[in-house]
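[1] missing the sequence, but the structure's below:
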């Protein structure tokens, strides 16, 4: 381990010792669940340990609050996706319902796709999802969105590029 890595681990260790309890309490108030608050605070510090850039903190609580707000937003987004997915499969016959493991994988995949499509206009997202999830043809998508087929092609190209080439940041 290099001197830089040891120094960085020490910085994060100090940050954890000095601010973890405060961060956990802050998160518990936001997510209203002890388990979720513990998971999110743990994930924040694991993410910090995985960073390759040096942490130069003058305001550690402000920095942790920023990370925590993003994590809480991701938590609620995931909860919404999971709830919508579980509602969508309730009408499926029990024999066709996915296992708990398959459900977790599906929800994680949906959350990842949603994250990758963030920032795109709504019609671009819809076109991509109609094509990928509903198997709709470009002509059908064009009719549904009231746009031309060439516009649908542009939408699909833009969404695919964003989805396939997005930098993975969690």
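    That came through fine. As the structure is a computational prediction, the values presented were derived from the model and not from experiment.

[2] elements contacting the worst-scoring helix or strand of the chain on mean pLDDT?
    One helix or strand of the chain scores below all others by mean pLDDT, DSSP states H and E: helix 3-31, with a mean of 87. Helix 3-31 sits against helix 34-50, helix 60-89, with contacts defined as 3 or more CB pairs under 8 Å, 6 or more residues apart in numbering; DSSP states H and E. All C-beta atoms are positioned from the backbone trio N, CA, C, and that covers glycine.

[3] Tabulate those (JSON lines), appending mean neighbour count and mean pLDDT.
    Shown next, in JSON lines, are those (neighbours: other CB atoms under 10 Å; pLDDT from 0 to 100):
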{"stretch": "helix 34-50", "mean neighbour count": "16", "mean pLDDT": "93"}
{"stretch": "helix 60-89", "mean neighbour count": "15", "mean pLDDT": "91"}
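
[4] okay if I get those as a markdown table plus distance to residue 111?
    Listed next are those as a markdown table, based on distance: least, CB to CB, whole Å:
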| stretch | distance to residue 111 |
| --- | --- |
| helix 34-50 | 14 |
| helix 60-89 | 5 |
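
[5] Name the stretch from those helices that approaches residue 19 most closely.
    Among those, helix 60-89 comes nearest to residue 19, with 5.8 Å by CB to CB.
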